[in-house]
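*Asks:* how does the following fold in three dimensions:
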Amino acid sequence: MIRSSAPTRIDLAGGTLDLWPLHLFFDNPPTLNAAINLYASVELTPRRDKTIILESRDLGQQAKFRNLAALPEKHPLILLIKLIRFYQPKIGLHLVAHCQAPAGSGIGGSSALNIALNGALNRFTNRRYNREQMIEIAKNIETQVIDVPAGTQDYYSAMYGGVQSIQPGMVKIEPRHLPLNLKDLNSKFVLCYTGQPHHSGINNWSVYKKTIDGNAKTVKSLSRIAEVARQMEKQLARGRLTRFEHWFNEEWKARKALAPGISTAKMDRMIQAAKNKGALSAKVCGAGGGGCVAFFVPPDKRESVIQALQAHGGNVLKFKFVSRGLRVGHS
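*Replies:* Now for the predicted structure:
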């Protein structure tokens, strides 16, 4: 059996601008995120025949196909199907997928699963793609699945782990490790799932089109997000959290201006309750409209913030920041 796993992430700043070519319009700002130990995992067992069995524990879905040629064009497990079709295994397999992150949590679960699937299938078929090639494959396959351009930041956190600055350039994307003390970071963050799966409060395709069309409000908000990401990176690159709460709040304000639907009334109440108990700043994870909210808190206020969030119906997730990325092994 091949076992593969990859971490999800908390996005810190610069999201949406990881979509090509949006970053080119704002002088290639970085996107910052941090990997966490809510993993997407894959178990792949070879078969002696051509049969392909697919199982998603999260979706409660299982499907069986007699061979590669029988894989359909449309199916609830289409991500798994497209990747298997791409890797073209010569024998059958039984593949089981699972993600520890709640469905629709906005912390990159589907992208982490995509990377874990690439890791397992790359090993199974002996294709020997390197990590950057697997990221490109993951991005292109997801674009086919969602029918709009896919961003890149989530694949880098899943592939490499740690706290990263994903820096787009004119030749290629350069991921850069940010030297933060993860133990210290753990004591200053709370991650809360609202209980409502996100429904893309930021519609990336809408933002994409508005930017290209030169919509002044959209361009202004994205310009601010780009500037915040640059300022936050300057501090994090020194291994410091100096003024982090300020830039985390500024990112959130710019993101709300970009798409007010990113935050629900319940999220707003939870954020205010947490701040009343000492949270310094907060930001909805991912596309919003539901999902998770990340809170930056003083360590001595952490428990009171957690209690306030639970009192407002939040599910506070146990997690740690991790330095590891994709892992693939046999058992």
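*Asks:* which parts of the stretch 51-200 of the chain are helices?
*Replies:* 78-87, 109-125, 131-146, 153-160, 182-186 (DSSP state H, counting those that start in this stretch).
*Asks:* which of the ones you listed is buried the deepest?
*Replies:* helix 153-160 (a mean of 28; mean count of other C-beta atoms under 10 Å). Backbone N, C-alpha and C define where each C-beta goes, glycine included.
*Asks:* export stretch 101-115 to PDB, keeping only CA atoms.
*Replies:* Output of stretch 101-115 as PDB, limited to C-alpha atoms (Å, rounded to 0.1, in the frame of the first residue of the first chain):
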ATOM      1  CA  ALA A 101     -10.400  19.500   7.700                       C
ATOM      2  CA  PRO A 102     -14.200  20.100   7.800                       C
ATOM      3  CA  ALA A 103     -15.800  20.200   4.300                       C
ATOM      4  CA  GLY A 104     -15.900  23.800   3.000                       C
ATOM      5  CA  SER A 105     -13.700  25.100   5.800                       C
ATOM      6  CA  GLY A 106     -11.700  27.400   3.500                       C
ATOM      7  CA  ILE A 107      -8.300  26.100   4.600                       C
ATOM      8  CA  GLY A 108      -7.300  24.400   1.400                       C
ATOM      9  CA  GLY A 109      -8.500  20.900   1.900                       C
ATOM     10  CA  SER A 110      -9.200  20.100  -1.700                       C
ATOM     11  CA  SER A 111      -5.800  21.400  -2.800                       C
ATOM     12  CA  ALA A 112      -4.000  19.400  -0.100                       C
ATOM     13  CA  LEU A 113      -5.900  16.300  -1.300                       C
ATOM     14  CA  ASN A 114      -4.900  17.100  -4.900                       C
ATOM     15  CA  ILE A 115      -1.200  17.200  -3.800                       C
END
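*Asks:* distance from the chain centre to the worst-scoring helix or strand of the chain on mean pLDDT, please.
*Replies:* Taking mean pLDDT, DSSP states H and E as the measure, the chain has helix 204-212 as its least confident helix or strand, at a mean of 86. Its chain's C-alpha centre and that of helix 204-212 lie 20 Å apart, by C-alpha atoms, centre = their mean, to the nearest Å.
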